[in-house]
Each structure stands twice: as C-alpha cells, then as structure tokens.
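Trainee: Dropping the sequence and predicted coords here.
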Amino acid sequence: MSKIEQTVEIPHLGGSTVGYTFAKPYDPALPTLVLINSYTTSADLYRPQFADPALGSAVNLLALEPYGHGRTRATYPHFTFWDSAIANLQVLEALGIREAFVLGTSQGGWVAVRMALLAPDVVKGVMALGTSMDYESQRSRDLGCWDGVAFNTPIVDAFAEPVDEDWVVPDQFVDDVFDAALGGISAEERELWIAAYRANYAGDAGRHRLRLSTVNLRDRDGLHGRLDEVRCPVLWLHGTADQVYSVANAQEEIGLFTHSPEARLDIIDGGQHFLSASHPKEVDAAAIDFVKRWA
C-alpha cells in the first residue's frame, strides 16, 4: 500500500500547515513512531522505513516535516527548533494520537528531545540518530564533530538577499549536503533529491526557508542543562562513518540523560550521518525492539 501524504492545520506561529506522511492508514491498536527528518530533507528521507513491512506492521509510521522543510509552512516568518517541537505535538493532538515514540535524524534528534521535554506525557521514548545535544560549540569540535559555524555561515551569507521567483537552490548545495551526510549518493538518488530540493526551495520564499533552516542549525541553543529532565527511555544510534557528529560526542552526551529509565548508545559500524538511509536494516530492527520493550 502506498504511503499517505497529507497536511494538517495547527494554531502555532500564527497558524501553520504541517506536512505529514503515514506509511499506511492509521491503526489505533498499534503504537506510533514519529519520524523527524534532517536538515533540508523531507519525509522522503524515510523511504526505506516506509518500505519495510516488518516495521510497518509493528508501528504506525508517521513522518512530520519541521518548519522550513517539505510541505510545512507558517504564517509568522521566523521559527526555531522549539517551534517545530511544539508544532509536532499539536499535529499529534490534531490527529488524535495521545502518545508516541519519536525518532529523529540529526536535527530531528534534538527536535525529538525538545518534544520529550515539553510533553513527557505524550513522548514515550526517543530514538536519536547521528545527532548532538550541544550547540555548535568548541567542546563538540574538540571531540571530533564538524565545524558547523564554518560550514553554515557561507550559506547564511549567500542566501541573505531577495531573489527572483525563478530562483531554485543550486545543485551544488544538494551535493554538498549528501556528500557530508552519506558520503555521496547514486545518480538515481541524486536526481530524486535534486527535484525535491528544487520544488521546495524555489523563489524568494524558498530562499528564506532555506536560509532560516541554516541559521537554526548554526545558531541553535544546546540542551545539556535540560537533559536530566528527560524522563522517557532514550536509544541513540550513531555510525562510525558519521562525518558531522562524532561517536566520542555521543558517548559523552548519552550520559547526560541521568533520569531516563534507560539511556543507551549503540554504535553502527560504517554508519553514515543520515543513518536511517545508510543502514536502514539496523535502524529498523532497533526501532522495532525499542518500541516493543517500552510500549
């Protein structure tokens, strides 16, 4: 059965339209696993998960696109990761889903944790993939993470001025994202993502969403002082080939979830930054096990 791609209206940020995708019609008898995509991607990041019959039979798969991404739009012109967390919680309420597990890749990981902090009665568990709980700090760079300020500042500067309505995001930008996140992709995958990026990041409104998404990534607040207030189980999966955030950083930060009933880090050999795409078999099996143990 093909996935169900729709939008829902919520009140946050002056009124918002949020893009969501179900792998199949919602089954209230199953637990729900929310999927939050990474920087500048969309729900399509989780195509391998949507295609996995074992995962689809174990949970309701629900991908939610953050502000600045996919089909999600807001009335107010600015947003942060906290806003995306609030929006996701309002979407769950609008869809009549009272509790869920949340899986997030990279930026999706810190949105997932924000959701758990804001609504501990709703979020029953967090799966964080290839992420960091810090701001773009010197501490994280000393532990082998990328220099997010150096990477993102030229993008913020390049997309600062208004553009014509025929503008689309440069192909080189898409190549740079996937080179860093997956070590490159096939020609077929590249064609798919080029089309998706051109559709989303087009015209001056698209330029502005892309720039704000980059500002948010570069300038976000860290969560270290809040992680001891996370009360749900946390499973962190991190790949050894992650070029953005290091295993050493993950090993240090998992210890900050001091009041979670379980906070575990699993290292995936050869796993890339976009771990659900590079190693879907391992991620899907871990998700099934995690949800079964804690549902």
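Mentor: Here it is on my side, so go on.
Trainee: hey, let's count contacts and neighbours off CA atoms from now on
Mentor: Fine.
Trainee: which residue ranges form the helices in the stretch 101-250 of the chain?
Mentor: Along the stretch 101-250 of the chain, the segments classed as helices by DSSP state H, counting those that start in this stretch run 107-118, 138-142, 148-158, 171-182, 187-200, 203-219, 247-253.
Trainee: so what secondary structure elements neighbour the first one?
Mentor: Applying 3 or more C-alpha pairs under 8 Å, 6 or more residues apart in numbering; DSSP states H and E, one finds that helix 107-118 makes contact with strand 32-36, helix 81-94, strand 100-105, strand 123-129.
Trainee: Dump these into a markdown table; add mean neighbour count, mean pLDDT and distance to Ser137 as well.
Mentor: What follows is the helices and strands packed on helix 107-118, written out as a markdown table (neighbours: other C-alpha atoms under 10 Å; pLDDT from 0 to 100; distance: least, C-alpha to C-alpha, whole Å):
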| stretch | mean neighbour count | mean pLDDT | distance to Ser137 |
| --- | --- | --- | --- |
| strand 32-36 | 27 | 98 | 23 |
| helix 81-94 | 21 | 98 | 17 |
| strand 100-105 | 27 | 98 | 19 |
| strand 123-129 | 27 | 98 | 19 |
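Trainee: can you put those in JSON lines and add distance to Gly148?
Mentor: Formatted as JSON lines, those follow (distance: least, C-alpha to C-alpha, whole Å):
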{"stretch": "strand 32-36", "distance to Gly148": "20"}
{"stretch": "helix 81-94", "distance to Gly148": "16"}
{"stretch": "strand 100-105", "distance to Gly148": "16"}
{"stretch": "strand 123-129", "distance to Gly148": "18"}
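Trainee: Of all those, which one is nearest Val8?
Mentor: Checking the helices and strands packed on helix 107-118 against Val8 by C-alpha to C-alpha gives helix 81-94 as the closest, at 7.0 Å.
Trainee: returning to what we had before: mean neighbour count, the helices of the stretch 101-250 of the chain: which tops it?
Mentor: helix 107-118 (a mean of 25; mean count of other C-alpha atoms under 10 Å).
Trainee: That helix versus strand 123-129: what angle between them?
Mentor: 160 degrees (axes from the mean of the first three to the mean of the last three C-alpha atoms, to 10 degrees).
Trainee: that older thread, and of the helices of the stretch 101-250 of the chain, who's closest to Glu5?
Mentor: Smallest distance to Glu5 across these (C-alpha to C-alpha): 14.5 Å, for helix 187-200.
Trainee: Can you read off the pLDDT for the nearest residue to Asp269 once chain neighbours are set aside?
Mentor: Once flanking residues are discounted, Asp269 sits nearest to Thr240: 5.3 Å by C-alpha to C-alpha, 6 or more residues apart in numbering. Here, the pLDDT recorded for Thr240 equals 98.
Trainee: Thr240 and Val247, how far apart?
Mentor: Distance check for Thr240 against Val247: by C-alpha to C-alpha, to the nearest Å, it reads 7 Å.
Trainee: hey, what's in contact with both of those two?
Mentor: Ile267 (C-alpha atoms under 8 Å, 6 or more residues apart in numbering).
Trainee: Next, format the helices of the stretch 101-250 of the chain as CSV and append distance to Asp27 and mean pLDDT.
Mentor: Formatted as CSV, the helices of the stretch 101-250 of the chain follow (distance: least, C-alpha to C-alpha, whole Å; pLDDT from 0 to 100):
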stretch, distance to Asp27, mean pLDDT
helix 107-118, 22, 98
helix 138-142, 41, 98
helix 148-158, 40, 97
helix 171-182, 33, 96
helix 187-200, 29, 96
helix 203-219, 33, 98
helix 247-253, 34, 98
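Trainee: Could you export those as TSV, including distance to His273?
Mentor: Formatted as TSV, the helices of the stretch 101-250 of the chain follow (distance: least, C-alpha to C-alpha, whole Å):
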stretch	distance to His273
helix 107-118	11
helix 138-142	15
helix 148-158	14
helix 171-182	5
helix 187-200	16
helix 203-219	15
helix 247-253	11
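Trainee: hang on, the earlier thing: for Asp166, which of the helices and strands packed on helix 107-118 is the nearest?
Mentor: Nearest of these to Asp166, taken as C-alpha to C-alpha: helix 81-94 at 28.0 Å.
Trainee: Give me the distance between the two termini of stretch 273-282.
Mentor: Stretch 273-282: ends 14 Å apart by C-alpha to C-alpha.
Trainee: Contacts for it next, please.
Mentor: Contact with stretch 273-282 is made by 38, 45-46, 48-49, 105-106, 129-130, 180-182, 238-239, 241-245, 268, 271-272, 283-284, as judged by C-alpha under 8 Å, 6+ apart.
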